[in-house]
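[1] here are the coordinates; sequence isn't available:
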């Protein structure tokens, strides 16, 4: 077999390399998509050369983007997912019987179609979930047209703020999210990482804008080994609900969901940031 | 300049690669030691090809091996450090004015001497700390000869259980630690990682042995980007003290130490393990 290695550059002088069997490569109107297979990670795919989802650890990311919000507001009925074309986020949201409507906005239909072919572990939700409606449009345009107060939860499962994900890290986008959310609405967004300079800079920028838009703006962390540094963050923003004091562990446990990463202890712990991360979040970007 | 890359293999098919300027390489009686320089990490060194300490993130490891124990028992006076030849663990311990005696046992004197030359950020403690006594002997032999109840805290800052660190992961070693500890004694040890198979296996093995030796045996986690997966663990074992219920945040804050990673929120959070890690720790190794 050919000795082929995929590398993701974390900085100009640090990179993670993975021995791969290539499954598919394609340049769409929006981005370069590559699917690979590897003994350690199983099938995984990259967008513009950055690892998005691996079979081995996608459960960590997808549980952590979804379950904290439901443990804070167990009454969530209408959910908007922006990005997340692999389906993992939708899969976790769809586990809640209380959810009535899932709108998913993915700019690049090819991500969905290729994940349906190569990553059924996450993408099978698209064929099986009657509450879910897919919209292949730009999330920035979609949110502009969303009626006021139309969602209880918005999950921004985006790429980095370079390329097609860029508009999802703007003040205007966050303001429209605020407007489209109900009074108890929650926005969770992919929030980069505090460790390597590129992601740390984007983390600070995103946080400043969200803080300027929502009265409650927190950041929570999780161990995500296939993302740069393994220390990854989601933003939690809300109009009224606090992620720690309004956390309802007993109520969440009544959903009786089997999870592999998330649990009530992890919930509160995720919001306890190291001192250096707290300090960076208060710095000017 | 030469285009030279150091790689640490996480599995046969996954590796982290770092562009380096080599500073020093040496084969001692015990292990291969290499010092490198890199723009992202500053100076760092490897033992038998595994990254031990980088200037950029050593504070995370060294704060997390040391401060939780002092926040649980602020009366710690006598400390034994096994391994940790770079000096970072001793540096953090030495910040407590209540500490009267620090015995440090490092099997390989060359690690200490080279760190004094290339890594003063951690190793300067060895020249400046009158309470610290260095012993260049095998930790396994040292602990056998330690009198009963002679230490309030033992910190095992070891390499992996392959090579010179192997004896520090045995039942016999843990039993001698138990015997050498005071009634309120605490053992903290390098406990590997739950993610890649090699470290996960060693994590399970170590935990089983410590559980068989100490009435209180817990595991806590921290984000350590230069170790495989970035999800790293310490073991916390004690005769009487529980790391969460006996945690004294106000008392610890009276020490008035400036830290960059550790804080009282991080303390409790570190013991909240993801479900898959909890499950692995109960499995047979």
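    Structure's in. What do you need? None of the values given here were measured: they were computed from a predicted structure.
[2] can you tell me if stretch A:19-34 touches chain B.
    Yes: judged by C-beta under 8 Å from any C-beta of the partner chain, stretch A:19-34 comes into contact with chain B at residue A:19. All C-beta atoms are positioned from the backbone trio N, CA, C, and that covers glycine.
[3] For that stretch, give the mean pLDDT please.
    Across stretch A:19-34, the average pLDDT comes to 98.
[4] repeat for stretch A:160-180
    92.
[5] contacting residues for whichever residue of chain A sits closest to chain B?
    Relative to chain B, the nearest point of chain A is residue A:230 (2.2 Å; C-beta to the nearest C-beta). Applying C-beta atoms under 8 Å, 6 or more residues apart in numbering or on different chains to residue A:230 gives the contacts A:223, A:224, B:223, B:225, B:229, B:230, B:231.
[6] who does the closest residue to the third one other than its chain neighbours bridge with?
    Same thing as residue B:223. Setting aside the residues directly before and after it, residue B:223 is nearest to residue A:231 in space (C-beta to C-beta, 6 or more residues apart in numbering or on different chains), at 4.0 Å. Beta-bridge pairing for residue A:231 (DSSP bridges): residue A:223.
[7] Would you mind giving me the confidence score for residue A:231?
    98.
[8] how near is it to residue A:14?
    14 Å (C-beta to C-beta, to the nearest Å).
[9] Next: residue A:151.
    39 Å.
[10] Just want to know which of the two has more residues nearby.
    residue A:151 (25 against 22; other C-beta atoms under 10 Å in any protein chain shown).
[11] Now the residue nearest to the more buried one when sequence neighbours are not counted: which helix or strand?
    Of all residues not flanking residue A:151 in the chain, residue A:80 sits nearest, at 4.5 Å (C-beta to C-beta, 6+ apart). Using DSSP states H and E, residue A:80 falls within strand A:78-83.
[12] which helices and strands does that strand pack with?
    If contacts are counted by 3 or more C-beta pairs under 8 Å, 6 or more residues apart in numbering or on different chains; DSSP states H and E, strand A:78-83 sits against helix A:88-93, strand A:101-105, helix A:139-145, strand A:151-157.
[13] so how far is it off the chain centroid?
    10 Å (C-alpha atoms, centre = their mean, to the nearest Å).
[14] Stretch A:185-196 too?
    Centre to centre, stretch against its chain (C-alpha atoms, centre = their mean), the figure for stretch A:185-196 is 8 Å.
[15] same question, stretch A:73-87
    10 Å.
[16] May I see the buried residues of it?
    Neighbour-count burial for stretch A:73-87, counted by 16 or more other C-beta atoms under 10 Å in any protein chain shown, picks out A:73, A:76, A:78, A:79, A:80, A:81, A:82, A:83, A:84, A:85, A:86, A:87.
[17] Looking at those, which is nearest residue B:181?
    Distances from residue B:181 to these, taken as C-beta to C-beta, are shortest for residue A:73 (46.6 Å).
[18] wait, that closest one sits on residue A:186?
    Yes: counting by C-beta atoms under 8 Å, residue A:186 is a contact partner of residue A:73 at 6.2 Å.
[19] any shared contact partners between those two?
    A:152, A:153, A:241.
[20] Any idea how many residues pack against residue A:284?
    6.
[21] Now do the same contact list for it.
    Contact analysis of residue A:284 by C-beta under 8 Å, 6+ apart lists A:204, A:208.
[22] Helix, strand or coil: sort out it for me.
    At residue A:284 the chain is in coil, as set by DSSP: H, G, I helix; E, B strand; the rest coil.
[23] Scan chain A for its longest strand.
    strand A:181-190 (DSSP state E).
[24] ok, so what distance separates residue A:151 from residue B:179?
    Applying C-beta to C-beta, the value for residue A:151 to residue B:179 is 60 Å.
[25] Residue A:192 now?
    From residue A:192 to residue B:179 the distance is 48 Å (C-beta to C-beta).
[26] Kindly report the same for residue A:86.
    Applying C-beta to C-beta, the value for residue A:86 to residue B:179 is 53 Å.
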